[in-house]
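Peer 1: Return atomic coordinates for the entry below.
(one chain, ligands or ions: 1)
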Amino acid sequence: MSSANVEKARALADAARRVVVLTGAGISTDSGIPDFRGPNGVWTRNPAAERLSNIQHYRADPEVRKASWRARLASPAWTAMPNAGHLALVALERRGKLHALITQNIDGLHLRAGHSPDRVIEVHGNLHKAVCLNCGWNGPMQAVLERVRAGEDDPPCEHCGGILKSDTISFGQALVPGVIERAMRAAGEADLLLSVGTSLQVYPVAGAVPIARQAGARVVIMNAQPTPYDEIADAVLTGSISEDLPRICGIS
Ligand code: NAD
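Peer 2: Have a look, this model is predicted:
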């Protein structure tokens, strides 16, 4: 994308005092974690994989659960490191401009990059924790993955025998009300909404963009592919997030 748009976005960030950032899978592709809907996305390459992200299929079909555990075991998220895009947002926080970082990502890379936890709102949960769908037990994912490595292809909850899953929100599963309310409230308080690496297809999270706009915020959208909200944005950037975000956040 033209550097003029990057400069415009940088000027908007320089002028802003309460930036709310909304991130999606696209900020983590340069850390080696594929997105769902991009050109190399998990679903673009294998549409059948969408079943693994649906809670009804997960609950009903042991084969879906076994495939999910195999996918979790092989996830690049366990070794991924934050990239220049994640680090640029930490710099924005250190400049005192970051009001909130709403992320749809489950990879934990924003926290790993060094944000204060109270600024980060993980609306779709975190892959590093496991939860029982029956009794609500939760604990470290790695301990459950050890059981999978040792041969249990669909490990049950050790307390009640229920179905275990990553503590993330699948399609068809309710969001945590307090978490999504906090995210939408923050969006309404922004003077700049920066949407980064999300196709803005998943609701209610995508609604953060029009909520901020209606409350008077400027809007910058960074995404390689078009989004439904490009028309209401002050600037749309389709270049590399890990290259452009450091510039916008004032560290390059
Ligand atoms: P998405 O797959 O729908 O969209 C990602 C967008 O990012 C795509 O439009 C793609 O063109 C763009 N993109 C990818 N890499 C880019 C780059 N380097 N520079 C610029 N643009 C880039 O992702 P979504 O909107 O986040 O929705 C998918 C859902 O799946 C989310 O709810 C999320 O929780 C989950 N998910 C999370 C991860 C993760 O935690 N890293 C990975 C895959 C999916």
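Peer 1: quick one, strands of the stretch 151-252 of the chain?
Peer 2: Ranges of strands in the stretch 151-252 of the chain, per DSSP state E, counting those that start in this stretch, are 164-168, 192-196, 218-222, 235-237.
Peer 1: Can you tell me which of those strands is most buried?
Peer 2: Most buried of the strands of the stretch 151-252 of the chain by mean neighbour count (mean count of other C-beta atoms under 10 Å) is strand 192-196; its value is a mean of 27. Glycine gets a C-beta too; all of them are placed from N, C-alpha and C.
Peer 1: Return the list of strands paired to that one, each annotated with direction.
Peer 2: Here strand 192-196 has these sheet partners by DSSP bridges: strand 19-23 (parallel), strand 218-222 (parallel).
Peer 1: Rebuild those strands as TSV, extending it with mean pLDDT and distance to the ligand.
Peer 2: As requested, the strands paired with strand 192-196 are exported to TSV (pLDDT from 0 to 100; distance: least, C-beta to the nearest ligand atom, whole Å):
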stretch	mean pLDDT	distance to the ligand
strand 19-23	98	8
strand 218-222	98	6
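Peer 1: can you tell me which of these comes nearest to residue 67?
Peer 2: For the strands paired with strand 192-196, the distance to residue 67 is smallest for strand 19-23, at 26.9 Å, taking C-beta to C-beta.
Peer 1: any chance of the strands of the stretch 151-252 of the chain in JSON lines, with distance to residue 44 too?
Peer 2: Shown next, in JSON lines, are these (distance: least, C-beta to C-beta, whole Å):
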{"stretch": "strand 164-168", "distance to residue 44": "20"}
{"stretch": "strand 192-196", "distance to residue 44": "20"}
{"stretch": "strand 218-222", "distance to residue 44": "20"}
{"stretch": "strand 235-237", "distance to residue 44": "21"}
